[in-house]
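Engineer: Below is the sequence, then the predicted model.
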Amino acid sequence: MLKIDHITIKFGGLVANNDVCTEIQKGQIFGLIGPNGAGKTTLFNIVSGFYAPTDGKVIFNGEEIQGLPSNVINGKGIARTYQNINLFKKMTVLENVMVGCHGQTKANLADAIFSTKKKRLEEEESIEKCHEILKFMEIDHLSHLKASSLPYGAQRRLEIARAMASNPQLLLLDEPAAGMNLSEKDELTQTILKIRDKGYTVFLVEHNMKLVMRVCDNICVLNHGIKIAEGTPAEIQANPEVIAAYLGGGK
Ligand SMILES: Nc1ncnc2c1ncn2[C@@H]1O[C@H](COP(=O)(O)OP(=O)(O)OP(=O)(O)O)[C@@H](O)[C@H]1O
Ligand SMILES: [Mg+2]
């Protein structure tokens, strides 16, 4: 589904991703791990169209997408969450998810101005769809609350719900367990498996190794922008270079 093909990105003298190659198959949960500053979020920023790489290609369903605007990439079926929660704080939970639906609606400006039946029907359908997604993420009972009033773990779930609203095939989750307590992390582990079972492919950046090792089919390890290993959770946990660079560090 996704091929990262010799991706390099430089910020001045810093090479944040250095000739990174990997592939994600449809239906996988694919992990991307590595120490702070390894280049994980940068790679997500390239795949989702926030940065154009200095060199290399990103191929999604057979099509080159590197350098395309993020809204175009989202329209092709890639959605993401953010390492730093990026919700519309003053909007309700439901409204935040509806923002995610936005690219999917067909009504035009005239339909909106004259509030045509087509527009109203579309609005009702998207409200229904957003409630379904919120139910799936187990936060529908909070749909009328302001996003900022949600506990931290629920805000992270809302970010995932909003990403799902754009009907993606591939979901990029950047540290979804960050800041969660132990029971929230366990619940999120189950939710990520449930997301995969629903048919989404998941590309996951996460520092919580219990979660990563439990859910991932395959894992790619970055260190200083360079891929140092790739394999199954068992292979990664036994890899001396990964242990030295990351897993042995007590993180
Ligand atoms: N827009 C930018 N301009 C300059 N440097 C950048 C930019 N974006 C990222 N970097 C640098 O690239 C390197 C990789 O950062 P990145 O955020 O991808 O790391 P990460 O693996 O996600 O780390 P963490 O686990 O802490 O989130 C860092 O040294 C960072 O400072
Ligand atoms: Mg990051």
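Structural biologist: Here it is on my side, so go on. Residues are numbered from 1 along each chain as shown. Ligands and ions are numbered 1, 2, ... in the order given.
Engineer: quick one: Ala110 from Leu43, how far?
Structural biologist: For Ala110, the distance to Leu43 equals 41 Å [Cβ to Cβ, to the nearest Å]. In short, each C-beta sits where N, CA and C put it, glycine included.
Engineer: for Asn218, same thing?
Structural biologist: 15 Å.
Engineer: of the two, who's got more company?
Structural biologist: Under the neighbour definition other Cβ atoms under 10 Å, Asn218 and Leu43 were set side by side, and Leu43 has more, 29 against 18.
Engineer: For the more buried one, give me its contacts.
Structural biologist: Listed by Cβ atoms under 8 Å, 6 or more residues apart in numbering, the contact set of Leu43 reads 4, 7, 17, 20, 32, 222.
Engineer: tell me which element it falls in.
Structural biologist: Per DSSP states H and E, Leu43 falls inside helix 40-47.
Engineer: That helix near ligand 2 anywhere?
Structural biologist: Yes: residues of helix 40-47 contacting ligand 2 under Cβ under 5 Å from the ion: 40-41.
Engineer: C-alpha coordinates for that helix, CSV please?
Structural biologist: Provided in CSV are the C-alpha atoms of helix 40-47 (Å, rounded to 0.1, in the frame of the first residue of the first chain):
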residue,chain,number,x,y,z
LYS,A,40,9.8,9.6,13.0
THR,A,41,7.5,12.6,13.0
THR,A,42,9.4,14.0,10.1
LEU,A,43,8.7,10.9,8.0
PHE,A,44,5.0,11.2,8.9
ASN,A,45,5.2,14.8,7.8
ILE,A,46,6.5,13.7,4.5
VAL,A,47,4.0,10.9,4.0
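Engineer: hmm, back to that, closest one of the contacts of Leu43 to Leu211?
Structural biologist: Leu32 (13.1 Å; Cβ to Cβ).
Engineer: which other residues reach the strand or helix carrying that closest one?
Structural biologist: Using DSSP H and E, Leu32 maps to strand 29-33. Contact partners of strand 29-33, identified using Cβ under 8 Å, 6+ apart, comprise 22, 24, 40, 43-44, 192-193, 196, 201-207, 209, 212, 215-222, 233, 236, 246.
Engineer: Sheet partners, orientation included, of that strand?
Structural biologist: Using DSSP bridges, strand 29-33 pairs in its sheet with strand 201-205 (parallel), strand 218-223 (parallel).
Engineer: what pLDDT, on average, does that strand get?
Structural biologist: On average, the pLDDT along strand 29-33 is 98.
Engineer: partners of the nearest residue to Phe44 once chain neighbours are set aside in the sheet?
Structural biologist: Nearest residue to Phe44, sequence neighbours excluded (Cβ to Cβ, 6 or more residues apart in numbering): Leu172, at 5.1 Å. Leu172 forms beta bridges with Arg80, Phe203, as assigned by DSSP bridges.
Engineer: ok, how many other residues are close to Leu172?
Structural biologist: So Leu172, with other Cβ under 10 Å, has 24 neighbours.
Engineer: dump the residue contacts of it.
Structural biologist: Contacts of Leu172 (Cβ under 8 Å, 6+ apart): 44, 47-48, 78-81, 163, 203, 205.
Engineer: How much space separates it from Leu204?
Structural biologist: Remark: distance between Leu172 and Leu204 (Cβ to Cβ) = 8 Å.
Engineer: Also Leu222?
Structural biologist: 13 Å.
Engineer: Which residue is the nearest non-sequential neighbour of the residue in the stretch 51-200 of the chain that ligand 2 sits nearest to?
Structural biologist: Going by Cβ to the ion, ligand 2 is nearest to Gln83 of the stretch 51-200 of the chain, at 4.7 Å. Spatially, and ignoring its direct neighbours in sequence, Gln83 is nearest to Asp174 (4.3 Å; Cβ to Cβ, 6+ apart).
Engineer: Would you confirm that that neighbour contacts Thr81?
Structural biologist: Yes: look at Asp174 against Thr81 with Cβ atoms under 8 Å: they come within range, at 5.8 Å.
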